[in-house]
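In: Fold the following, please.
(one chain, ligands or ions: 1)
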Amino acid sequence: MASILVLNGPNLNLLGSREPDQYGHRSLNEIMEELDRFAGSCGHELRHVQNNSEGGLVEAIQKAANDGVDYIIFNPAAYTHTSIALRDALLAVDIPFVEVHLSAVAAREPFRHVSYFSDIALGVISGFHGEGYMLALQVIVNQEEP
Ligand code: DQA
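Out: Numbering: from 1, shown residues only. Below is the predicted model of the structure:
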């Protein structure tokens, strides 16, 4: 059984009401409940953190290492495009992670085309709204199979 942290950055607590054309109509809780069911059916355990501050996300990544987390599913939200501190935290703990974006970031404003994470992630899933988290979890489940 793998321990998997689902880490969500700023403004993702507003999913459902926030720009639904970009991010879909489901709330973060609705998406995470579906993800929990899928993880449970595969025998894996999820932990969830959503934090609106960069420092809070750094602390969650450091704590993940102390707690023996095996994988992170990470949507850094706006920090995707700015945060050396979060990149350094992930490099420091060396926990494999999948980068997820609900919107199709490559089809949006040029500043969203830059990610401080993609080159150190297992891979990137973008543009499938909440389903992207399920796809990320499927990748991890496949890696865990003998
Ligand atoms: C996002 C894309 C980011 O550019 C944006 O700042 C977000 C959410 C996404 O899930 O599509 O807050 O990470």
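In: buried residues in stretch 95-113?
Out: 95, 97-103, 105, 112 (16 or more other C-beta atoms under 10 Å). Quick note: C-beta positions are derived from backbone N, CA and C, even for glycine.
In: no, scratch that, I was asking about stretch 48-63
Out: The neighbour-count check on stretch 48-63 (16+ other C-beta under 10 Å) flags 49-51, 54, 57-58, 60-61 as buried.
In: Equivalent analysis for stretch 85-96, please.
Out: Those would be 86-87, 89-90, 93, 95, for stretch 85-96 by 16+ other C-beta under 10 Å.
In: in the sheet, who's paired with the most centrally placed residue in the chain?
Out: For the chain, the residue sitting closest to the mean C-alpha position, by C-alpha atoms, centre = their mean, is F74 at 2.0 Å. Judged by DSSP bridges, the bridge partners of F74 are L7, E99.
In: In strands, which of the buried residues of stretch 48-63 appear?
Out: 49-50 (DSSP state E).
In: Format the buried residues of stretch 48-63 as JSON lines; extra columns: distance to the ligand and pLDDT.
Out: Below are the buried residues of stretch 48-63 laid out as JSON lines (distance: C-beta to the nearest ligand atom, whole Å; pLDDT from 0 to 100):
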{"residue": "V49", "distance to the ligand": "15", "pLDDT": "98"}
{"residue": "Q50", "distance to the ligand": "12", "pLDDT": "98"}
{"residue": "N51", "distance to the ligand": "13", "pLDDT": "98"}
{"residue": "E54", "distance to the ligand": "13", "pLDDT": "98"}
{"residue": "L57", "distance to the ligand": "13", "pLDDT": "98"}
{"residue": "V58", "distance to the ligand": "17", "pLDDT": "98"}
{"residue": "A60", "distance to the ligand": "16", "pLDDT": "98"}
{"residue": "I61", "distance to the ligand": "16", "pLDDT": "98"}
